[in-house]
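>>> Please find the sequence and the predicted model below.
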Amino acid sequence: MRSRWGHRRRALRGVPATAGALACWLLLAPAGARAGEGQAFVRVDQVGYPAGAPKRAYVVTSFPDGGAPFTVSRPDGTAVLTGTLGAPAGSWSATFPYIYAVDFDQLTTAGSYRVLVAGPVPASSPPFAIGVPSALYGGPLANALSFYQNERDGPEFIPSPLRSAAAHLNDQRAETYATPRVNSQGAFRGALKSLGTTVDAAGGWWDAGDYLKFVETTSYTVALMLAGVRDFPAAMGAGSGADFTAEARFGVDWLLRMWDQRTGTLYYQVGIGSGNRTTAGDHDIWRLPQADDGYGGEAPRYRYIRHRPVFRAGAPGSPVSPNLAGRDAAAFGLCFQVFHTLDPALAERCLRAGEDIFALADTNPRGHLLTAIPYGFYPEREWRDDLELGATELAVALASTTTPPPGLPHGRSSYYLAQAADWAGAYVAHARRGSESLNLYDVSGLAHFELARALRAAGNPPGLAVTEAALIADLRRELEAAAQQSATDPFAFGFPWAAADTASHGDGLAVMADEYRWLTGDASFAVLGRRWLDDVLGANAWGSSMIIGDGSVFPHCPSHQVANLLGSLDGTAPVLAGGVVEGPSDEPSAGEVPGMLPCPAGGGDQFARFDNAAIFSDNVQSYTTVEPAIDLTASSMLAFAWQLGTPGPLGD
């Protein structure tokens, strides 16, 4: 669940096509058509398919269409592949009970194509590309980087069509407060209790479509971003077309500001979601971020908009919720790995912070974990995976240098390797009762991969609580569960569509399939991994990519203040490119905030007819389906990077 908020169409890169040929093609093959009461549509991965990868389109119909001829054609109408629809792959809904799979793996020639289906109701897909991975995924990675740049808070904003001014400069001297008791929406009674100190909480990324900032989501995002910079330098590092190094450092800098090294105090949140009868919160108004520092003049009602509170995780030196401790330790351990030669002073600060925060982890937590206020914004329940990841990255950091900084609590990699194994073993024992694919709420899909590599690099030392084989087996267990889910879905998605954060889960599963293949050489999940990424990029019932700007059909009305107020409302430039939205959900949401521009302008819901128990609505009020967020986007970076290359062993 996100915080409660209740462009230009990019051409396919590397595709040779003239405007005249494309116009002719569009006339020959409309995107979807009706005849009488029949309806038919063709869904594809709109970013495209690597030449050597499996390729599948889906035909969605309201009537039996088995035996209908299909063609895969070039823009000029030339058919390059023909066939007929077979038996249905499954049923989707009462409106669309027939889903047919069209496989065209044998087509490997680079170019632009459509899938066209004849029969009682002709239909065609959006255009898609077949090509080398760099032509397909370089653009989406650049879009992801631009998303984070547009989410920047504080004085170091990057000018763009969506960003014209710095925001929340008052955060540079922000008052700190004890965590209040709040209701499920974040509203609190009375006044906040000041702690009598100020901190510099400027910078960082807005969490989602609002302007709150959380250590919970930022530490997760920074960890995945830095892992990508380290492991995929040609895709995400210096010299690539989308160098995330500076952006990762921007996130690290904010995390360091939220940790007081001198007193051992962690701060975890900036801003409040909802106010009370006398004060307004972030979700009560709709505006550009630069308005906040002076919002409402001197009116007391808006004091927490102008001067945003910073909340403390606990008294100085007190135990820290283990999820936050583990995530911060992971981000700071990776910071050392990436920056120890680029910026030794920063790397040393990171390693000290990571070790000190890890040492404060409360390893016997009671009640809700500390994620955000209210807890319902991010109801995380698992934490052992966070400590596994944190300890692993600290171990790798120490193994990467022969001269660790003096005075660390633990200067030996072996200490943290043992800690990581202990927490991995505890996670594996606990997770048999249920776990998730890689996403904000469960990082084992990355932690197991990292720890398995670290153990391998260390020569698989004996006597630890978990082995490389056990970690791989647990990755396989989760992938097998996703495969079983895929077998029940006509689009082969590995996570229930009628859930939450579906797009992020799909990207996370694609990453895990690649990790498993790297560790084992076993390609058992390679085809499904490809399908899961296809699902996110348009090969789904709704025919929409779940990443803004990636593909030809994507959300035009994200639940995001800047995108709504300064972006286009029809998909033309500018859009919040690269932002991964929540995706189909099990619940609708609506709630107009004063100042919100209606989107779609004429109302209606173009995707409603494709809903079943899963709902997808492209409406600015639908935060459960089209709110983008930094954590949702994080796994897409790795999913795309894996398409462009593979990492080497740790320590290379």
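Done, it's in. No experiment lies behind these values; they were computed from the predicted model shown.

>>> Going by C-alpha atoms from here, please, whenever you check contacts or count neighbours.
OK.

>>> so residue 248 is in which element?
helix 245-257 (DSSP states H and E).

>>> same for whichever helix or strand comes after that helix, what does it pack against?
Using DSSP H and E, the helix or strand that follows helix 245-257 towards the C-terminus is strand 259-260. Under the contact criterion of 3 or more C-alpha pairs under 8 Å, 6 or more residues apart in numbering; DSSP states H and E, strand 259-260 touches strand 265-270.

>>> which strands and helices sit next to the helix holding residue 248?
helix 133-150, helix 215-231, helix 322-339.

>>> mean confidence score for the last one?
For helix 322-339, mean pLDDT rounds to 98.

>>> burial count for residue 223?
28 (other C-alpha atoms under 10 Å).

>>> Next: the one 5 residues further on.
Neighbour count for residue 228, taken as other C-alpha under 10 Å: 27.

>>> I figured it was touching residue 636, is that so?
No: using C-alpha atoms under 8 Å as the test, residue 228 is too far from residue 636 to be in contact (10.7 Å).

>>> closest one to residue 106 among the helices and strands packed on helix 245-257?
Closest approach to residue 106 among the helices and strands packed on helix 245-257 is made by helix 133-150 (16.9 Å; C-alpha to C-alpha).

>>> pull the CA atoms of the closest one into PDB?
Extracted C-alpha coordinates of helix 133-150, given in PDB (Å, rounded to 0.1, in the frame of the first residue of the first chain):
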ATOM      1  CA  PRO A 133      18.700  -6.000 -25.600                       C
ATOM      2  CA  SER A 134      20.500  -2.600 -25.600                       C
ATOM      3  CA  ALA A 135      18.000  -1.300 -28.200                       C
ATOM      4  CA  LEU A 136      15.100  -2.500 -26.100                       C
ATOM      5  CA  TYR A 137      16.100  -1.700 -22.500                       C
ATOM      6  CA  GLY A 138      18.400   1.200 -22.700                       C
ATOM      7  CA  GLY A 139      15.500   3.600 -23.000                       C
ATOM      8  CA  PRO A 140      13.500   2.100 -20.000                       C
ATOM      9  CA  LEU A 141      16.600   2.300 -17.800                       C
ATOM     10  CA  ALA A 142      17.100   5.900 -18.800                       C
ATOM     11  CA  ASN A 143      13.400   6.500 -18.000                       C
ATOM     12  CA  ALA A 144      13.800   4.900 -14.600                       C
ATOM     13  CA  LEU A 145      16.700   7.300 -13.800                       C
ATOM     14  CA  SER A 146      14.700  10.300 -14.900                       C
ATOM     15  CA  PHE A 147      11.900   9.200 -12.600                       C
ATOM     16  CA  TYR A 148      14.200   9.300  -9.500                       C
ATOM     17  CA  GLN A 149      15.600  12.600 -10.700                       C
ATOM     18  CA  ASN A 150      12.100  14.100 -10.900                       C
END
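
>>> need the next SSE after that helix, C-terminal direction.
Next in line after helix 133-150, if elements are assigned by DSSP H and E, sits strand 174-177.

>>> Show me which residues of the helix or strand that that next one is followed by are buried.
Per DSSP H and E, strand 174-177 leads on to strand 194-199 as the next helix or strand towards the C-terminus. Within strand 194-199, the residues that count as buried by 16 or more other C-alpha atoms under 10 Å are 198-199.

>>> and if you look at stretch 416-432?
Applying 16+ other C-alpha under 10 Å to stretch 416-432 flags 416-428, 431 as buried.

>>> for stretch 475-486, same thing?
Buried, per 16+ other C-alpha under 10 Å, within stretch 475-486: 475-476, 478-479, 481-483, 486.

>>> same thing with stretch 524-538?
By neighbour count with 16+ other C-alpha under 10 Å, stretch 524-538 contains the buried residues 525-526, 528-538.

>>> Would you agree residue 511 is in contact with residue 643?
No: the pair residue 511 and residue 643 fails to qualify as a contact (C-alpha under 8 Å) at a distance of 9.5 Å.

>>> between the two, which one's more packed in?
Neighbours per residue (other C-alpha under 10 Å) separate residue 511 from residue 643, with residue 511 holding more: 28 against 20.

>>> That one belongs to a helix?
Yes: counting by DSSP: H, G, I helix; E, B strand; the rest coil, residue 511 is found in a helix.

>>> Tell me who's in contact with it.
By C-alpha atoms under 8 Å, 6 or more residues apart in numbering, the residues touching residue 511 are 438, 529, 635, 638-639, 642.

>>> Which one (most neighbours) among those?
That'd be residue 635 among the contacts of residue 511, by other C-alpha under 10 Å, with 29 neighbours.

>>> Now do the same for that residue: helix, strand or coil?
Strictly by three-state DSSP, residue 635 counts as helix.

>>> I'd like to know which of the buried residues of stretch 475-486 is nearest to residue 76.
Nearest member of those to residue 76, counting by C-alpha to C-alpha, is residue 486, at 35.4 Å.

>>> quick one, what contacts the closest one?
Per C-alpha under 8 Å, 6+ apart, neighbours of residue 486: 492-495.

>>> what does residue 162 give?
Contacts of residue 162 by C-alpha under 8 Å, 6+ apart are 150, 562-563, 566-567, 574, 576.

>>> again with residue 440
Residue 440 neighbours (C-alpha under 8 Å, 6+ apart): 217, 220, 631-632.

>>> returning to what we had before: now the buried residues of stretch 416-432 in a markdown table, with pLDDT, secondary structure and distance to residue 301?
As requested, these are exported to a markdown table (pLDDT from 0 to 100; DSSP: H, G, I helix; E, B strand; the rest coil; distance: C-alpha to C-alpha, whole Å):
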| residue | pLDDT | secondary structure | distance to residue 301 |
| --- | --- | --- | --- |
| 416 | 98 | helix | 48 |
| 417 | 98 | helix | 51 |
| 418 | 98 | helix | 52 |
| 419 | 98 | helix | 48 |
| 420 | 98 | helix | 47 |
| 421 | 98 | helix | 50 |
| 422 | 98 | helix | 49 |
| 423 | 98 | helix | 46 |
| 424 | 98 | helix | 47 |
| 425 | 97 | helix | 50 |
| 426 | 96 | helix | 47 |
| 427 | 96 | helix | 45 |
| 428 | 95 | helix | 49 |
| 431 | 74 | helix | 46 |
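
>>> Nice, that's everything, thank you.
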